[in-house]
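# Test case, fold it:
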Amino acid sequence: MNLAARTIASLALGAMPLAAGAQSGAAAYPSKSVRIVIPFPPGGTADLLARLFADHLANTYKITTIPESRPGGGTVPSTAAVAAAEPDGYTLLLGSPSLATYKVFFKNPSVDTERDLAPISLMMVSPYVLAVSASVPAKTLGEVIAYAKANPGKLKYGGYGSQYLATEFFKQVAGVDLYHIGYKGDAPAITALMTDEIQFLLSVPLTLKPHVDSGKVRALSSSMTTMRSPGMPSVPNTTEAGLPGFDVSIAFGLVAPARTPMDIRAKLANDVAQFVKKPDVVSKFQQAGFQPVSSTPDEYARMLSTDIRRWVEIAKRLPPIDAQ
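Now for the predicted structure:
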């Protein structure tokens, strides 16, 4: 079970503020404006998450907060800018799944996640949904795996970035041979799935759901062992679908520059824990297919380190990746 799944399970049991003693040195924080850098364009789910949390901090501490969108460059420029900021808790970053893939997709990234950043807390997670085109004669994950084994290389899949790595991980766990076709985003890959240009896709539930509901594509499983998609609750998780070794989450969290004091990070983690329990936050993000969660700084750090090593190891077994 990965950390995101364990975190969801712990929240169901009523975890977790951090120990009050961990916050004693941060009593004066925050006393001025806090900036949250968002490595995505305005308008998306991740952008909304950061802006709502900025509002939460502003209302809690009666301070000004500045959500700042800095998209582009595979999130590296915005991440590097935060890594170079003063480690005092006043410049934060909305961390995305790309934090774990810099070493795979960039020859010489200007930022090292483990060296240059200080994780604070997870904020929301979602599984991918494994889907096939209507032409595939399979109605369950077990059936599509059997079909792929009987027809090696016949099923084509789309994907890019973390999505591509996750599908390659699926291939290794399931023991199947799928043929990769690259697309520059999820939207063209979904179009290709609906037109049978590809037959298999791991995709974000929010963008996939309308096409599943229309019957143009078929959803077989989420990509997590213990969590169904909040946006597609009728789709089984991988344990229920018979492939418990495949466990991949789409995780967003809050990070700070390295050397940010732990007492400040712990205080912010407690703020996240309170924020993600708000009924309106839970409702809003579950409708978008995400589960709001929180974690300790150390738990989020361990999750990132585990994912970094997993993707680097998987990439070693692949054809050369066009690193930037």
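# C-alpha only now, for contacts and for neighbours.
Will do.
# Return the distance of the strand ranked longest in the chain from the chain's centre.
With secondary structure taken from DSSP state E, the chain has its longest strand at strand 117-127. Centroid separation for strand 117-127 versus its chain: 8 Å, with C-alpha atoms, centre = their mean, to the nearest Å.
# next one: stretch 260-280
The gap between where stretch 260-280 is centred and where its chain is centred comes out at 18 Å by C-alpha atoms, centre = their mean.
# Apart from its neighbours in sequence, what residue is nearest Tyr147?
Ala138 (7.5 Å; C-alpha to C-alpha, 6 or more residues apart in numbering).
# strand partners of the longest strand of the chain, parallel vs antiparallel please.
strand 249-257 (antiparallel), strand 291-292 (antiparallel) (DSSP bridges).
# what stretches of this protein score poorly on pLDDT?
Residues of the chain meeting the criterion pLDDT under 70: 1-26, 321-324.
# where exactly do the helices run in it?
3-12, 45-61, 76-83, 102-105, 113-116, 141-150, 161-174, 186-194, 205-213, 238-241, 262-275, 279-287, 297-316 (DSSP state H).
# of all these, which lies closest to Pro67?
helix 45-61 (5.8 Å; C-alpha to C-alpha).
# how far off strand 249-257 does the closest one point, in degrees?
Helix 45-61 and strand 249-257 meet at an angle of 50 degrees, taking axes from the mean of the first three to the mean of the last three C-alpha atoms, to 10 degrees as the criterion.
# buried set for helix 45-61?
45-51, 53-58 (16 or more other C-alpha atoms under 10 Å).
# Please identify which pair of those residues lies farthest apart.
Thr45 and Ala58 (20.0 Å).
# Could you check how far stretch 180-194 is from the centre of its chain?
With C-alpha atoms, centre = their mean, you get 19 Å for stretch 180-194.
# And stretch 127-139, by the same measure?
The answer for stretch 127-139 is 21 Å, by C-alpha atoms, centre = their mean.
# Now do that stretch: everything it contacts.
144, 147, 193-196, 198-205, 208, 215-224, 227-229, 248-250 (C-alpha atoms under 8 Å, 6 or more residues apart in numbering).
# next one: stretch 167-179
With C-alpha under 8 Å, 6+ apart as the criterion, stretch 167-179 contacts 145, 148-149, 152-157, 159, 201-202, 243, 245-246, 314.
# What distance do you get for Pro292 to Phe285?
Here Pro292 is placed at a distance of 7 Å from Phe285 (C-alpha to C-alpha, to the nearest Å).
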